[in-house]
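Colleague: Here's a sequence, model it:
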Amino acid sequence: MTFASKDELLKARLPEAVVTIEGVGDVRVRGLSRVEAMLIQKVDDPEARERRILAYGMVEPSVTEAEAGRWQKASVAGELEPVTQKIAELSGILTGADKEAYKSLRGESGDGVRVLPSPETGHDGLGPTEPHVE
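Modeller: Here you go, the predicted structure:
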């Protein structure tokens, strides 16, 4: 059995990948270190959390949190998701269940989000209904 050396343990080994942003171009991202991932978990606001993920994980081009905020304001709603999801994937943050939940929210197979019935809606034929009671 061969044990890892201290140098091997302390050497950075964060995986990288290229993400294509449709209509914009390619960016290079990397996985987050354990410390960065732990710092991100402390951020309660989802917008601020996304900015910090981008600031830590973007390699080329690199962005600050302020620049990530400008990008949030300049982009369409789903533009940053492939980037932040790739960073999370490379970081090992997404578990199998998280990946499947993300896929179902992205419009792949599954029931997705359904509208609650009201007196103005009809049955969609996808499951049991109960009569509307006032």
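Colleague: From the centroid of the protein, which residue is nearest?
Modeller: The centre of the chain sits closest to Q85, judged by CA atoms, centre = their mean, with a distance of 3.4 Å.
Colleague: Helix or strand: which one has that one?
Modeller: According to DSSP states H and E, Q85 maps onto helix 81-91.
Colleague: helices and strands around that helix, which ones?
Modeller: Using 3 or more CB pairs under 8 Å, 6 or more residues apart in numbering; DSSP states H and E as the contact test, the elements touching helix 81-91 are strand 16-21, strand 25-30, helix 46-57. C-betas here are computed from N, CA, C, even on glycine.
Colleague: Any idea how many residues pack against T64?
Modeller: Counted with other CB atoms under 10 Å, the neighbours of T64 add up to 12.
Colleague: Settle this for me: it is touching R52, isn't it.
Modeller: No: here T64 does not reach R52: they are 10.3 Å apart, not a contact under CB atoms under 8 Å.
Colleague: mind checking how far the closest residue to S33 other than its chain neighbours is from S75?
Modeller: The spatially closest residue to S33, leaving aside those adjacent along the chain, is L14, at 6.4 Å (CB to CB, 6 or more residues apart in numbering). Relative to S75, L14 is positioned 25 Å away (CB to CB, to the nearest Å).
Colleague: next one: A68
Modeller: As for A68, its distance to S75 is 10 Å (criterion: CB to CB).
Colleague: So those two - more neighbours on which side?
Modeller: A side-by-side neighbour count of A68 and S75, using other CB under 10 Å, places A68 first with 23 against 13.
Colleague: In contact with that one, which residues?
Modeller: A68 sits next to 50-52, 54-55, 58 when contact means CB atoms under 8 Å, 6 or more residues apart in numbering.
Colleague: Burial check on E36, number of neighbours?
Modeller: Neighbours of E36 using other CB under 10 Å come to 19.
Colleague: Could you say which helix or strand holds it?
Modeller: helix 34-41.
Colleague: how about that helix: buried residues?
Modeller: Applying a neighbour-count criterion of 16 or more other CB atoms under 10 Å, the buried positions in helix 34-41 are 36-37, 40.
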